[in-house]
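# sequence and predicted structure, then a few things I'm wondering about:
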Amino acid sequence: MGIDHKIKESITEPEKLEQIYRDNPKHFKKSYQEAFADQKDSILFRAWQARLEYSAPATATLSVTDLTAMLLLCFIAGTILKLPDWTNLDNYEILGWMGSLVPLTAMFLYTMHMRGWPRKITATGLGAIIVLSIAMHFTPEKWVDTFALSCLNLPFLIWSLYGLSRFNKDWRATEQRIEYLRFSGEWIIHAGLFFLGGGILLLLTFGLLDMLNIDSSWIIEDLAIYGAASIPLVAAWATDTYSAARKLVPLLARIFSPLLLILILGYMGAMAWNTDELFQDRETLLTYNILLLTVLATAIFTLTGRGEKESGKLANSIISLMVVATVILDLLGICAIGWRIFEFGLTANRFSVLGSNLVVFGNLAFMGAGYVRYHAGRGTLDDIETMLARYLPCYAIWTGFSVLVLPWIFRY
């Protein structure tokens with residue numbers, strides 16, 4: 001019995017049609033049109049037609065206009081960052097804040113270009129950039145500590161504002177905020193790949209020209225600056241256009257979460273053996289803060305990326321233990337910072353570290369409580385996502401305070 005005859009006999013039985021297809025997909029695809037000759041308008045035929053003849057959209061390519069806009073913005077960003085070298089401007093004062101403001105502004109402008117320059121969002125974004133530029137320009141460089149803190153927090157504030165520009169009118173929606181977290185993880189992967197690939201290419205070019213006794217200093221002094229200024233823009237375009245990193249981010253988070261858990265437990269054991277080290281050594285406290293941020297990023301990207309491949313019970317248990325253990329560590333770190341403030345006095349750096357730790361602690365504590373409810377059967381992972389989305393404005397508020405207000409409180 002031919003496959004076309006089998007299809008005709010099973011034309012009203014979807015389950016049998018599925019079995020025939022699985023037995024011989026190639027011949028089914030060739031024969032189903034003839035078998036459905038008298039039922040071209042049936043829903044079943046249209047479903048099979050959509051399934052077998054649907055072609056995925058072609059990979060998005062840059063039009064001449066889009067490519068020109070990208071190259072122009074990259075060139076302008078790189079040129080602005082080169083201005084201190086070409087003039088008598090102070091490198092530290094300018095690049096301290098323009099090193100993040102200019103590339104991220106170019107990224108924002110290109111995103112607006114790709115979205116058709118929405119008038120209200122573009123105008124609001126440019127207004128915010130101008131305000132930040134003025135604020136940073138009038139923050140005295142002689143306030144070394146607070147100026148450095150402002151420069152350090154500025155990219156995080158701009159990233160928060162960039163997120164608002166992507167949300168558009170849906171900035172309150174949980175789904176939009178979670179999607180932006182996914183975008184952020186993928187952007188980091190793309191930017192890292194571009195940085196590594198571009199760095200290797202520049203070093204190879206530098207080495208080859210140097211072997212030929214050709215002046216190659218311009219590669220590091222000029223080309224590297226233009227490349228660094230272009231990475232945020234190109235990474236954002238790649239993240240919006242391709243989904244190459246969508247599965248990679250949660251995969252990396254799942255791979256490193258067990259290792260991080262082992263590291264955290266080992267760190268807790270070491271701190272129990274020598275607690276004074278955290279309270280007295282600044283470098284230990286700095287390492288501890290980097291660990292906190294790494295754990296937080298891993299937990300967030302594992303949670304928000306689970307839609308690509310549902311996490312198993314073991315993965316969720318590891319993340320839960322990691323978050324709860326880090327909450328305990330963060331409490332210890334907050335006590336250490338409080339002790340340093342009590343013992344040595346309040347400074348801008350200590351206030352900033354304390355505030356940052358409290359913000360991170362709040363996030364981890366809410367996530368930890370959510371995971372406890374999840375394992376107790378009183379909550380879901382979606383509830384943790386919702387909490388996470390609602391907490392995001394806390395980071396924007398804190399970074400805004402650190403950039404715009406903190407320097408004028410301490411003034412040194």
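Nice, I can see it.

# surely H113 and S63 touch.
No: contact status for H113 versus S63: not in contact, 11.1 Å apart, counting by Cβ atoms under 8 Å. For glycine as for every other residue, the C-beta is placed from the backbone atoms N, C-alpha and C.

# out of those two, which sits in the more crowded spot?
H113 (16 against 9; other Cβ atoms under 10 Å).

# now do the contacts for that one.
When contacts are counted by Cβ atoms under 8 Å, 6 or more residues apart in numbering, H113 touches D66, A69.

# what helix or strand is it on?
Assigned by DSSP states H and E, H113 belongs to helix 91-114.

# what's the single longest helix in the chain?
For the chain, the helix with the greatest residue count under DSSP state H is helix 174-211.

# tell me what that one is packed against?
On a contact count with 3 or more Cβ pairs under 8 Å, 6 or more residues apart in numbering; DSSP states H and E, helix 174-211 meets helix 144-167, helix 224-241, helix 248-273, helix 282-304, helix 381-404.

# give the buried residues for that helix.
In terms of neighbour count (16 or more other Cβ atoms under 10 Å), helix 174-211 has its buried residues at 174, 176-191, 193-194, 198, 202, 206.

# and the closest residue to A173 other than its chain neighbours, how many residues sit next to it?
The shortest distance from A173 to any non-neighbouring residue, by Cβ to Cβ, 6 or more residues apart in numbering, is to F167 (7.4 Å). Per other Cβ under 10 Å, the neighbour tally for F167 reads 16.

# so which of the helices and strands packed on helix 174-211 comes closest to L364?
helix 282-304 (6.3 Å; Cβ to Cβ).

# check what contacts that closest one and list those residues.
By Cβ under 8 Å, 6+ apart, helix 282-304 touches 178, 181-182, 185, 249-250, 252-254, 256-257, 260, 263-264, 267, 277-278, 311, 315, 319, 322-323, 326, 329-330, 333, 336-337, 340, 353, 356-357, 360, 363-364, 367, 381, 384-385, 388.

# mind redoing it with 6 Å?
Residues outside helix 282-304 that contact it (Cβ atoms under 6 Å, 6 or more residues apart in numbering): 178, 181-182, 185, 249-250, 253-254, 257, 260, 277-278, 319, 322-323, 326, 333, 360.

# and those, which of them are buried?
Judged by 16+ other Cβ under 10 Å, buried ones among the contacts of helix 282-304: 178, 181-182, 185, 249-250, 253-254, 257, 260, 278, 319, 322-323, 326, 333, 360.

# where are the low-confidence patches of the stretch 101-250 of the chain?
Within the stretch 101-250 of the chain, the ranges that satisfy pLDDT under 70 run 243-247, 250.

# contacts for the host helix or strand of K120, please.
According to DSSP H and E, K120 maps onto helix 119-137. Contact with helix 119-137 is made by W97, T105, F108, M112, L161, S165, L404, as judged by Cβ under 6 Å, 6+ apart.

# and that helix, how far from the chain's centre?
Offset of helix 119-137 from its chain centre (Cα atoms, centre = their mean, to the nearest Å): 22 Å.

# got the buried residues for that helix?
If you call a residue buried by 16+ other Cβ under 10 Å, then helix 119-137 has these buried ones: I121, T122, G125, A128, I129, L132, A135, M136.

# and A173, its phi and psi?
Main-chain torsions, A173, degrees, to the nearest 10: phi -70, psi 130.

# that one and T239, how far apart?
Remark: distance between A173 and T239 (Cβ to Cβ, to the nearest Å) = 20 Å.

# between these two, which is the more surrounded one?
Higher neighbour count among A173 and T239: T239, with 22 against 13, using other Cβ under 10 Å.

# isn't the more buried one right up against E186?
Yes: the criterion here is Cβ atoms under 6 Å, and T239 meets it with E186 at 4.7 Å.

# in contact with the spatially most central residue of the chain, which residues?
By Cα atoms, centre = their mean, the mean C-alpha position of the chain lies nearest to S184, the distance being 1.8 Å. Contacts for S184 (Cβ under 6 Å, 6+ apart) come out as none.

# tell me how far it lies from K169.
20 Å.

# what angle separates the longest helix of the chain from helix 224-241?
With axes from the mean of the first three to the mean of the last three Cα atoms, to 10 degrees applied, the angle from helix 174-211 to helix 224-241 works out at 140 degrees.

# so what's the gap between helix 174-211 and the chain middle?
12 Å.

# next one: stretch 338-349
Centroid displacement of stretch 338-349 relative to its chain, using Cα atoms, centre = their mean, is 32 Å.

# in that stretch, which residues are buried?
Residues R340, A348 are the ones in stretch 338-349 that count as buried (16+ other Cβ under 10 Å).

# run through the residues that contact W117.
Counting by Cβ under 6 Å, 6+ apart, W117 makes contact with nothing.

# secondary structure class for D215?
Under DSSP: H, G, I helix; E, B strand; the rest coil, the three-state class of D215 is coil.

# now do it against A224, distance only.
15 Å.

# of these two, which one has the most company?
Comparing D215 with A224 by other Cβ under 10 Å, the one with more neighbours is A224, at 17 against 8.

# give me every residue that touches the more buried one.
L202.

# over to Y226?
Y226 makes contacts with G78, as judged by Cβ under 6 Å, 6+ apart.

# how far away is it from L152?
When Y226 is compared with L152 (using Cβ to Cβ), they lie 24 Å apart.

# what's the separation between L233 and F28?
Distance of L233 to F28, given as Cβ to Cβ: 47 Å.

# ignore what I typed, I meant L67.
43 Å.

# higher neighbour count, those two?
Legend: neighbour count by other Cβ under 10 Å for L67 and F28, higher for F28 (21 against 11).
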